[in-house]
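Asker: Here is the input, now give the coordinates:
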Amino acid sequence: MKIYTLHAKQSLPITLEEAWHFLSNPKNLKVITPDYMGFYIQSGSDRPMFAGQVIEYIVTPILGIKTKWVTEITHVVDNAYFVDEQRFGPYALWHHKHFIKEIDGGVEMEDLLHYKLPFGFLGQLVHPFLVKPKLDEIFEYRKNKLVELFGTF
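Answerer: Below you'll find the predicted structure:
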């Protein structure tokens, strides 16, 4: 069983409160997701983030195939971090930690994602040319979108 890791960091010239206000609002996930992903929140984004919150999405990650994705926010510490875990969707495992901390002149945001693909060996075969490049592209889009929204550090 192969578990993959994606680690990303980004600094932004905003306050901790501004960063938390944006990142902890589930509706803003659509803002930082590429349009071609067909991202649509079906339910669960009607209140501020809390532990136990279940959010249902429809995404179209590849080949125009619509996929239902259900995540649960399992941990929340205001102005510090939250964790989302997939309950139903395209991955065999999805555990995504989002950290933010104050630094000189702004905040540092850090993502630590652990994921496992379905289909065993077949999933591992497609990872390097299909899944990893797609995740890298999505996280690069997010990084650029956050710079567009909040400026560069």
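Asker: Low-confidence stretches in this protein?
Answerer: Judged against pLDDT under 70, the chain has no low-scoring part.
Asker: Pull the residues that contact the longest helix that it contains.
Answerer: As assigned by DSSP state H, the longest helix anywhere in the chain is helix 132-150. Here helix 132-150 makes contact (CB atoms under 8 Å, 6 or more residues apart in numbering) with 4, 6, 8, 10, 12-14, 18, 22, 31-34, 37, 61-62, 109, 111, 113, 115. C-betas here are computed from N, CA, C, even on glycine.
Asker: and these, which are buried?
Answerer: 4, 10, 12, 14, 22, 32-33, 37, 61, 109, 111, 113, 115 (16 or more other CB atoms under 10 Å).
Asker: out of those, who's nearest residue 127?
Answerer: The closest of these to residue 127 turns out to be residue 4 (CB to CB; 6.7 Å).
Asker: That closest one against residue 124, yeah?
Answerer: No: here residue 4 lies out of contact with residue 124, judged by CB atoms under 8 Å, at a distance of 9.2 Å.
Asker: what's the overlap in contacts for those two?
Answerer: residue 117.
Asker: The residue positioned nearest the centre of the chain: helix or strand, and which one exactly?
Answerer: The chain has residue 96 as the residue nearest its centroid, 6.8 Å off, counting by CA atoms, centre = their mean. In this assignment (DSSP states H and E), residue 96 forms part of strand 93-103.
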